[in-house]
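J.: Just to be clear, the model below is a prediction. Sequence and coordinates:
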Amino acid sequence: AQVRLRRAELDAQAKAREAMAPPPAMTPRSAGDLEVLLANMTKAHAQALQRAEAAEGKSRSLHRELEHTKAAAEEAEAQSPPPAAPLPPSPLPPSPLPPSPL
């Protein structure tokens, strides 16, 4: 029973190592492969930085727009007249005519 347990344990460890290993197509075979891999990684990193910087710029722009909108709303609210008082109830009695079908 202990032998089977140890075999199962070793088998599980081997499978875990295989799962964590890079696929053979990604395993560099030479210095040239490493150079290509490094160039691709550098290019991908530069592109990611550009996207991050663009997103940060867009975020700053949206924050500025939000602040301007808030300021304009506060200014408009400060300049608007106070709300009108509600109309008093009508002194006339209700109409005896039925409501219009329109």
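T.: Ah, there it is.

J.: By residue count, tell me the biggest helix in this structure.
T.: Ranked by number of residues, the top helix in the chain under DSSP state H is helix 31-79.

J.: Output the contacting helices and strands for that helix.
T.: Using 3 or more CB pairs under 8 Å, 6 or more residues apart in numbering; DSSP states H and E, no helix or strand is in contact with helix 31-79. Just so you know, the C-beta spots here come from the backbone N, C-alpha and C atoms, and that holds for glycine as well.

J.: what stretches of the protein score poorly on pLDDT?
T.: 22-28, 102 (pLDDT under 70).

J.: Quick check, central residue of it?
T.: Ala55 (10.7 Å; CA atoms, centre = their mean).

J.: Leu62 versus that residue, what's the distance?
T.: Separation of Ala55 from Leu62 (CB to CB, to the nearest Å) stands at 10 Å.

J.: Need the overlap of contacts for those two.
T.: With contacts defined as CB atoms under 8 Å, 6 or more residues apart in numbering, no residue is adjacent to both Ala55 and Leu62.

J.: Any buried residues in the host helix or strand of Glu18, and which?
T.: Assigned by DSSP states H and E, Glu18 belongs to helix 2-20. When burial is assessed from 16 or more other CB atoms under 10 Å, helix 2-20 yields no buried residues.

J.: how about the CA coordinates for that helix, as CSV?
T.: Written as CSV, here are the backbone C-alpha positions of helix 2-20 (Å, rounded to 0.1, in the frame of the first residue of the first chain):
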residue,chain,number,x,y,z
GLN,A,2,2.9,2.4,0.8
VAL,A,3,4.5,1.6,-2.5
ARG,A,4,1.3,2.5,-4.4
LEU,A,5,0.9,5.7,-2.4
ARG,A,6,4.5,6.7,-3.2
ARG,A,7,4.1,5.9,-6.9
ALA,A,8,0.9,8.0,-6.9
GLU,A,9,2.7,10.8,-5.2
LEU,A,10,5.6,10.7,-7.7
ASP,A,11,3.2,10.6,-10.6
ALA,A,12,1.4,13.6,-9.3
GLN,A,13,4.6,15.5,-8.9
ALA,A,14,5.7,14.6,-12.4
LYS,A,15,2.3,15.8,-13.8
ALA,A,16,2.7,19.1,-11.8
ARG,A,17,6.2,19.6,-13.3
GLU,A,18,4.9,19.0,-16.8
ALA,A,19,2.0,21.4,-16.3
MET,A,20,4.3,24.2,-15.1
